[in-house]
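Trainee: Pasting a predicted model and its sequence here:
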Amino acid sequence: MTYRSRGRSLIEVILAIAFVTFLVGFITVLCIGNYFRAKRAQERQRQRRLAKLAANQNNANTMYGGDPQGSYEAPTHIPANTGVPA
């Protein structure tokens, strides 16, 4: 069964194909745009999370007198052999 047997003209068939093509293209463009928008939002969220983590790390280190770089040095003011006898 062809379109012609259902009483549709060639113009109607072309218009239907053009309309369906437009709908598919429009939805595809929306999906691609949404994908890139979500990708940018994810990257911004990642940057905010890393900045917050770095700020918290710096605050914790400086709050306890630590080096902001996170390095550790053993205390030098404690004598070596002053433990309690067993």
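Mentor: Arrived safely, thanks for sending. Since the model is a prediction, treat every value here as computed from it, not as a measurement.
Trainee: Distance of Ile14 relative to Gly25?
Mentor: 16 Å (CB to CB, to the nearest Å). Bear in mind the C-beta positions are built from the backbone N, C-alpha and C, glycine included.
Trainee: Cys31 versus Ala38, what's the distance?
Mentor: In terms of CB to CB, Ala38 sits 11 Å off from Cys31.
Trainee: Actually, Asn59.
Mentor: 42 Å.
Trainee: do the same with Thr76
Mentor: 63 Å.
Trainee: So for the two, which residue has more residues nearby?
Mentor: In terms of neighbours (other CB atoms under 10 Å), Cys31 is the more surrounded of Thr76 and Cys31; the figures are 9 against 5.
Trainee: In terms of pLDDT, where does the more buried one sit?
Mentor: At Cys31, the model reports a pLDDT of 98.
Trainee: so it is in which element?
Mentor: helix 10-63 (DSSP states H and E).
Trainee: And that helix, what does it pack against?
Mentor: Using 3 or more CB pairs under 8 Å, 6 or more residues apart in numbering; DSSP states H and E, no helix or strand is in contact with helix 10-63.
Trainee: 25 is where my numbering starts, stick with that
Mentor: Noted, 25 is the first residue going forward, which turns the last one into helix 34-87.
Trainee: tell me, how many neighbours does Val37 end up with?
Mentor: Count around Val37 with other CB under 10 Å applied: 14.
Trainee: And for Ala79?
Mentor: Neighbour tally, Ala79, other CB under 10 Å: 10.
Trainee: what does the one 5 residues further on give?
Mentor: Residue neighbour count, defined by other CB under 10 Å, stands at 12 for Ala84.
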